[in-house]
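Student: Any chance you can model this:
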Amino acid sequence: MAHPAQLHGEPDVALGGLSVWVLGWEFPDSDDFWDGNWLRAIAQVEAPGARVTVEGAWLRNTEVMIFLEGLVALNTGLKGLAELACLEPNVQVSVECTTLGQVAVAVEITPNQLTQEHKFAFSTDQTFLAPAISGCRRLLQRFPIRGEVPS
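Tutor: Residues are numbered from 1 along each chain as shown. Take a look at the predicted model:
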């Protein structure tokens with residue numbers, strides 16, 4: 001399998017060993033909040049000796065927006081937690097500021113939740129938050145939230 005960067009260029013969002021490429025809308029003609037905000041995406045986590053890839057409609061732009069808000073708060077206050085909490089179980093990410101400007105990134109990723117579990121932990125510093133924030137903002141500009149948010 002080719003590395004996604006060879007096929008799709010630089011990832012839309014990268015943090016720690018996680019890279020995410022958004023390929024397009026799952027339902028391009030839908031303006032409905034529930035169906036219209038699903039994205040087709042690739043997530044890949046790389047660490048020494050391992051590479052796990054997930055591809056499909058596992059991500060919603062609303063999840064990216066919530067993750068972005070958390071990353072901005074982390075970058076501003078250097079405390080707290082930002083989560084990419086996807087409805088689909090394929091990818092879950094938590095980012096937490098620890099002491100001295102360090103950032104802990106935890107990723108759970110699986111192409112098949114019935115037969116596999118993969119967990120990764122990365123330590124980085126706060127300088128990696130700004131590029132991830134920019135990537136989320138660009139992604140939301142390309143794929144804005146559709147439909148009325150249910151109350």
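Student: Who does the host helix or strand of A121 pair with, and is each partner parallel or antiparallel?
Tutor: Per DSSP states H and E, A121 falls inside strand 118-125. Here strand 118-125 has these sheet partners by DSSP bridges: strand 102-109 (antiparallel).
Student: what's next to the strand it pairs with, contact-wise?
Tutor: 15-18, 43, 45, 52, 54, 74, 90-98, 117-126, 128-129 (C-beta atoms under 8 Å, 6 or more residues apart in numbering). C-betas here are computed from N, CA, C, even on glycine.
Student: Extract the C-alpha trace of it and format it as CSV.
Tutor: Listed next in CSV are the C-alpha coordinates belonging to strand 102-109 (Å, rounded to 0.1, in the frame of the first residue of the first chain):
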residue,chain,number,x,y,z
GLN,A,102,5.1,19.4,27.0
VAL,A,103,2.2,18.0,25.1
ALA,A,104,1.0,14.4,25.5
VAL,A,105,-0.8,13.0,22.4
ALA,A,106,-2.7,9.7,22.8
VAL,A,107,-4.2,8.0,19.7
GLU,A,108,-6.4,5.0,19.5
ILE,A,109,-6.8,3.8,16.0
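Student: Report the mean per-residue pLDDT for it.
Tutor: Averaging pLDDT along strand 102-109 gives 96.
Student: element containing the nearest residue in space to F33 that is not next to it in sequence?
Tutor: Once flanking residues are discounted, F33 sits nearest to G147: 3.3 Å by C-beta to C-beta, 6 or more residues apart in numbering. G147 belongs to no helix or strand when elements are defined using DSSP H and E.
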